[in-house]
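>>> sequence and predicted structure, then a few things I'm wondering about:
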Amino acid sequence: MAAGVAPGRNASGPTADLTQNPSPTAFGRANLAPFNIFDRTLERERAVRTTGSQGVGVGTRGFIVPIGGAEEKLRDPAILKRFVEICGGRDARIAIIPTASAMADTGHQYEELFRRIGVADAVSLPFDSRADCERADWLEGLRSAHGIFLTGGNQLRLSTTLGGTSVAQVIRERNQAGAHVAGTSAGAAFMSEHMIAFGDEGSTPHADMVTLAPGLGLTHDIIVDQHFRQRDRLGRLLSALSYNPRPIGMGLDEDTAAFISPDDVFEVIGSGAITLLDPSAIEYSSMDSQRRHEPVSVIGMQLHVLIHGGLYDLATREARPGATVAEKS
């Protein structure tokens with residue numbers, strides 16, 4: 001680990017010094033305004049459209065937005081609206097990747113959803129095979145998008161179809177250049193360096209409870225599990241971190257998202273909660289000595305539960321409640 005880099009922090013990534021020149025994301029501010037991490041992004045989007053520059057926020061990484069699945073789509077699609085807003089609103093170009101889904105109309109359904117929100121240019125790119133992932137016209141659609149949206153389904157279908165192809169490379173390049181990438185359910189699981197492929201339900205970690213696979217690699221700082229409370233997945237996320245307690249474990253409830261800003265502070269948006277497991281202070285894990293299906297001992301794990309408006313800094317590993325919650329306390 002490079003000197004001076006916080007545990008779990010990518011040494012080559014940008015660092016955020018929250019003690020100097022406080023930004024809208026700095027936790028040192030006494031009053032946290034709702035949605036404050038989006039202010040600079042929206043200013044950057046307006047500047048890009050005004051100057052006619054290609055791409056979004058060129059030179060600055062875009063948002064990474066894992067969603068816990070079953071996001072509200074009809075009454076008040078707050079998560080999808082927020083994604084559209086950071087992508088440029090009505091002027092946004094959104095590419096939808098329905099590869100994870102076994103249903104042929106998933107891509108079309110999300111096209112209609114984004115159009116109802118007000119996006120004129122939302123197109124599904126159905127990469128169903130590895131050969132599809134080299135189609136020049138579809139790759140150009142990804143390169144010109146302000147936002148890329150990965151639908152739910154089976155995350156192993158994403159990794160086996162997109163992994164090692166031009167599509168995966170273009171998504172990483174576009175996110176590094178400023179395009180925003182969101183994924184729901186399986187799409188959320190696939191976004192990080194290490195992906196939970198499948199596992200068992202239950203709150204107690206067990207040996208062989210979870211199977212990991214390489215993910216897309218947009219971030220090294222988290223490992224994601226989705227449908228978290230609804231499917232009782234605390235145990236398998238604990239098990240995943242017990243193998244190598246470096247990244248933050250992020251358990252996303254349904255209709256709940258983490259909007260991870262370019263400086264790696266995220267805000268919780270949605271009706272559920274995000275459970276965060278910080279393993280940086282773990283003193284002991286028995287994962288190396290347990291037999292199959294035996295419970296695993298984990299000592300020193302820190303747990304946070306954040307709801308709508310809550311903030312978390314992945315670099316410093318500091319959590320804060322949302323402005324509304326803070327004002328009530």
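That came through, no problem.
>>> could you pull out the strands for the stretch 51-200 of the chain?
Shown for the stretch 51-200 of the chain, the strands assigned by DSSP state E, counting those that start in this stretch span residues 64-67, 93-97, 121-124, 147-150, 180-184, 194-199.
>>> can you give me phi and psi for residue 290?
phi -90, psi 150 (degrees, to the nearest 10).
>>> next up, the contacts around the residue lying closest to it once chain neighbours are set aside.
In this structure, residue 290 finds its nearest non-sequential neighbour in residue 207, 4.0 Å apart by CB to CB, 6 or more residues apart in numbering. The way it works is simple: take the backbone N, C-alpha and C, and place the C-beta from them, glycine included. Taking CB atoms under 8 Å, 6 or more residues apart in numbering as the definition of contact, the neighbours of residue 207 are 239, 287, 290-294, 296.
>>> now that we're looking at residue 207, what pLDDT does it have?
pLDDT, residue 207: 96.
>>> sorry, back to before: and the two most separated of the contacts of residue 207?
Spatial extent of those (CB to CB) is set by the pair 239 and 291 at 14.0 Å.
>>> residue ranges with poor pLDDT in the stretch 201-329 of the chain?
With pLDDT under 70 as the threshold, the stretch 201-329 of the chain has low-confidence stretches at 324-329.
>>> mind checking which of residue 239 and residue 291 has more residues around it?
Summary of the neighbour comparison: residue 239 and residue 291, criterion other CB atoms under 10 Å, with residue 239 having more neighbours (29 against 8).
>>> packing partners for the strand or helix carrying that one?
When elements are defined using DSSP states H and E, residue 239 is found to belong to helix 234-243. Other helices and strands packing on helix 234-243, by 3 or more CB pairs under 8 Å, 6 or more residues apart in numbering; DSSP states H and E, are strand 194-199, strand 210-214, strand 222-225, strand 248-252, strand 273-278, strand 298-299.
>>> in the following helix or strand past the shortest one, what's buried?
The helix or strand immediately downstream of strand 298-299 is strand 302-307, counting by DSSP H and E. Neighbour-count burial for strand 302-307, with 16 or more other CB atoms under 10 Å as criterion, is recorded at 304, 306-307.
>>> so what secondary structure elements neighbour strand 302-307?
Packing contacts for strand 302-307, counted by 3+ CB pairs under 8 Å, 6+ apart, involve strand 273-278.
>>> name the residues that touch the strand it packs on?
Applying CB under 8 Å, 6+ apart, the contact partners of strand 273-278 are 68, 228-229, 234, 237-238, 241, 248-253, 256, 258, 268, 301-307, 310, 312, 317, 319.
>>> what residue ranges in the stretch 51-200 of the chain score low on pLDDT?
With pLDDT under 70 as the threshold, the stretch 51-200 of the chain has low-confidence stretches at 51-59.
>>> I figured residue 110 hits residue 123, correct?
No - assessed by CB atoms under 8 Å, residue 110 is found out of contact with residue 123, at 9.9 Å.
>>> what sits in contact with each of those two?
Counting by CB under 8 Å, 6+ apart, the residues touching both residue 110 and residue 123 are residue 96.
>>> ok, the two, which is more surrounded?
Neighbours per residue (other CB under 10 Å) separate residue 110 from residue 123, with residue 110 holding more: 23 against 16.
>>> list the contacts for that one?
Contact criterion CB under 8 Å, 6+ apart gives 96, 98, 122, 124, 149, 151 as the residues in contact with residue 110.
>>> can you check residue 272 too?
By CB under 8 Å, 6+ apart, the contact set of residue 272 is 68, 229, 252-256, 307.
>>> now the two most distant members of these.
Comparing every pair within the contacts of residue 272 by CB to CB identifies 254 and 307 as the most remote, at 13.5 Å.
>>> so who does the spatially most central residue of the chain touch?
Nearest to the centroid of the C-alpha atoms of the chain, with distances taken as CA atoms, centre = their mean, sits residue 66, at 2.8 Å. Neighbour list for residue 66: 182-183, 187-189, 191-192, 222, 224, 226, 250, 252, 257-258, 260 [criterion: CB under 8 Å, 6+ apart].
>>> let's see it at 7 Å
By CB atoms under 7 Å, 6 or more residues apart in numbering, the residues touching residue 66 are 183, 188, 191, 224, 250, 252, 257-258.
>>> please apply the same query to residue 196.
189, 210, 212, 223, 225, 236, 240 are the contacts of residue 196 under CB under 7 Å, 6+ apart.
>>> 10 Å instead, please
When the contact criterion is CB atoms under 10 Å, 6 or more residues apart in numbering, the partners of residue 196 are 155, 189-190, 210-213, 215, 223-226, 233, 236-237, 239-240, 249.
>>> what pairs with it across the strands?
Taking DSSP bridges, one obtains residue 212 as the residues bridged to residue 196.
>>> what's the spacing between it and residue 224?
Separation of residue 196 from residue 224 (CB to CB, to the nearest Å) stands at 7 Å.
>>> any common contacting residues for those two?
Common contact partners of residue 196 and residue 224 (CB under 10 Å, 6+ apart): 155, 189-190, 215, 237, 240, 249.
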